[in-house]
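>>> 3D model of this:
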Amino acid sequence: MRTLIMNVIAKRNILKAGEKFGLVAEMNRWYRDAKSANWQSMGDVRIAYASTDKVGRVLIFNIRGNQFRLITQVNFAIQTIFFKALMTHKEYDRGEWKKWT
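Sure, this is the predicted structure:
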């Protein structure tokens, strides 16, 4: 049986968002971690990122001590994570990210 790794869509947008907030190092690290992961469930994600939340198909990662939120959409069955947004906590509180749930 072949071990799958996560397909993370799209690195360019992740790094661009990181540049906007001065989070390039953090976003690079998250991308490398996610890309090399074999996450089959939320439990697997929480081993690496304990504070991650799941709302529907959306995974919400806390970045830089919960100052920022990384919004992704995940499909564990096909091992794919789609980057949706990187936002401040204030932007997150507005709830616009819920359109992806």
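
>>> please make it C-alpha for all contacts and neighbour counts, starting now.
OK.

>>> Met87 contacts Arg64, correct?
No. Counting by Cα atoms under 8 Å, Arg64 is not a contact partner of Met87; they are 11.6 Å apart.

>>> those two: who's more crowded?
Set side by side, Met87 and Arg64 show more neighbours around Met87, with 20 against 11, by other Cα atoms under 10 Å.

>>> tell me what that one is bridged to.
Here Met87 sits in beta bridges with Arg69, as judged by DSSP bridges.

>>> residue contacts, it?
The neighbours of Met87, taking Cα atoms under 8 Å, 6 or more residues apart in numbering as the test, are 68-71.

>>> reformat those as JSON lines; add pLDDT and neighbour count.
Shown next, in JSON lines, are those (pLDDT from 0 to 100; neighbours: other Cα atoms under 10 Å):
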{"residue": "Phe68", "pLDDT": "97", "neighbour count": "20"}
{"residue": "Arg69", "pLDDT": "97", "neighbour count": "22"}
{"residue": "Leu70", "pLDDT": "97", "neighbour count": "24"}
{"residue": "Ile71", "pLDDT": "97", "neighbour count": "23"}
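
>>> name the nearest of the residues you listed relative to Asp33.
When these are compared for distance to Asp33, the smallest value, 13.8 Å, is given by Leu70; criterion: Cα to Cα.
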